[in-house]
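Novice: coordinates only, sequence not included:
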């Protein structure tokens, strides 16, 4: 049960970490990164706390099992094992519920980060009619005075890229 829970937690954490890594690669501006940094640090902190909690719970459960093995010799083995097995099953269910709630919360946090990345990313600006124009060297053109007749430009906008020549 402990291994199954640990595996589920690790898989959930890895999925969310991959989403965060993907979101981090999609950020276009430094300003957006600053906005997201606190959220990402908070998610990382919660991830570490969850891992420590799971490890602590599993350690406690392991200690409980060792204690049961020692008592087994002195008490009626069948009754003791049955009671402790029920208790352990109940603890396992409670731990699973706690982990599910934590994973749900993290999933919601990741969704909020994704929505923020989408709102701050270039796609949302393109949706609003903005574009980015670059010269032949791939440098962003920030001023009309920076181009001259005959220059080849590429403009990225919603729906694709347009290549044009200055006249």
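Specialist: Received the coordinates, thanks. Given the structure is predicted, the values throughout are model-derived calculations rather than measurements.
Novice: any idea which helix or strand comes after the worst-scoring helix or strand of the chain on mean pLDDT?
Specialist: Least confident helix or strand of the chain, by mean pLDDT, DSSP states H and E, is helix 30-72 with a mean of 74. Per DSSP states H and E, the first helix or strand lying C-terminal to helix 30-72 is helix 77-120.
Novice: which other helices and strands contact that following helix?
Specialist: Here helix 77-120 touches helix 2-26, helix 30-72, going by 3 or more C-beta pairs under 8 Å, 6 or more residues apart in numbering; DSSP states H and E. Placement of C-beta: from N, CA and C, glycine included.
Novice: can you give me how far that helix is from the chain middle?
Specialist: Its chain's C-alpha centre and that of helix 77-120 lie 17 Å apart, by C-alpha atoms, centre = their mean, to the nearest Å.
Novice: Show the low-confidence segments of this protein, by residue range.
Specialist: The chain contains residues with pLDDT under 70 at 22-38, 72-77, 80.
Novice: buried set for stretch 52-72?
Specialist: Neighbour counts over stretch 52-72 (16 or more other C-beta atoms under 10 Å) mark 54, 57-58, 61, 68 as buried.
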